[in-house]
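Colleague: This is a predicted model, with the sequence first.
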Number of protein chains: 2
Amino acid sequence: MKAKGTRFERELLGMLWKAGFAAVRVPASGAMSYPSPDIVAGNGERYLAIEVKMRSSLPLYVPKEDIDRLEKFSRIFGAEAVLAVRISKVGWRFVFPELLKRTKNGYKVDEEVFYSGLEFDELTGRYRQCRVV
Amino acid sequence: MKAKGTRFERELLGMLWKAGFAAVRVPASGAMSYPSPDIVAGNGERYLAIEVKMRSSLPLYVPKEDIDRLEKFSRIFGAEAVLAVRISKVGWRFVFPELLKRTKNGYKVDEEVFYSGLEFDELTGRYRQCRVV
């Protein structure tokens, strides 16, 4: 599970560099007590703090702490908080925390949330898609 | 040597968080082929890509590749490139690459360069010191 997670973090890292972002992977903290995302990326205009989650199927449940940590880091750093969700045989979608559905103990990405997320080209494009809610 | 380097990277990471920056340590790449600094930090206004070097004494010689890599990452990411130099019993100074002295195969931090570097409070202060060259 952890090795797999690492593989997909690497995959996303490569996609970001290809799309004109400089990106670094942040090792799982362990000893460190600072909040940190899985990937930090920037292209001189936009800065992204990315938490990567992969699952074989939806829904994906995300502990509240993960999102709190991601948002705290992003706020201090000056980055957009992004949840990168990779579903097997489906691919990537990029969800901003405000789109997540609350559960009792955290958040949920169901089909509706997943498909309302951005595709990679939308996330990294120079323009920001205007969404009609 | 590597463990020691890691220890001082952690020390600097703590100093940055205390000074209001969100900062992450980037693991030594190894397999990865992307240019990356030792630390990436941001405070919503300024973004820093930091290469950390520690030595028992000066001068410090830095391979050209290290600086090229740091500057390339910084340019793409949108960060200021900073060489963080820690000398035993003396402490930290923060040197911008343009202040380095060229050598045949790279760059050099001698006493003059080291003491023309910024102190930590100058680096992380909200104001940017105005230097008289």
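Modeller: That came through fine.
Colleague: Now do the helix ranked longest in chain A: everything it contacts.
Modeller: Scanning chain A for the longest helix, with DSSP state H as the assignment, gives helix A:2-18. Helix A:2-18 has contacts (C-beta atoms under 8 Å, 6 or more residues apart in numbering or on different chains) with A:23-25, A:28, A:38-39, A:41, A:50, A:52, A:54, A:84, A:86, A:92, A:120, A:124, B:32, B:34. Quick note: C-beta positions are derived from backbone N, CA and C, even for glycine.
Colleague: With stretch A:79-87 instead?
Modeller: A:8, A:12, A:37-40, A:42, A:46-58, A:60, A:62, A:67, A:70-71, A:73-74, A:92-97, A:100, A:109, A:114, A:117, A:123, B:42.
Colleague: Inside strands: which ones of those residues?
Modeller: In strands, judged by DSSP state E, the following of the contacts of stretch A:79-87 are found: A:39-40, A:42, A:47-55, A:60, A:62, A:92-95, A:109, B:42.
Colleague: got the angle between the worst-scoring helix or strand of chain A on mean pLDDT and strand A:47-55?
Modeller: Using mean pLDDT, DSSP states H and E, helix A:2-18 stands out as the lowest-scoring helix or strand of chain A, at a mean of 88. With axes from the mean of the first three to the mean of the last three C-alpha atoms, to 10 degrees defining the directions, helix A:2-18 sits at 140 degrees from strand A:47-55.
Colleague: Quick check: buried residues in the next helix or strand after helix A:2-18?
Modeller: Using DSSP states H and E, the next helix or strand after helix A:2-18 towards the C-terminus is strand A:22-25. Across strand A:22-25, burial judged by 16 or more other C-beta atoms under 10 Å in any protein chain shown covers A:22-25.
Colleague: dump the residue contacts of A:T103.
Modeller: So A:T103 contacts A:Y61 (C-beta under 8 Å, 6+ apart).
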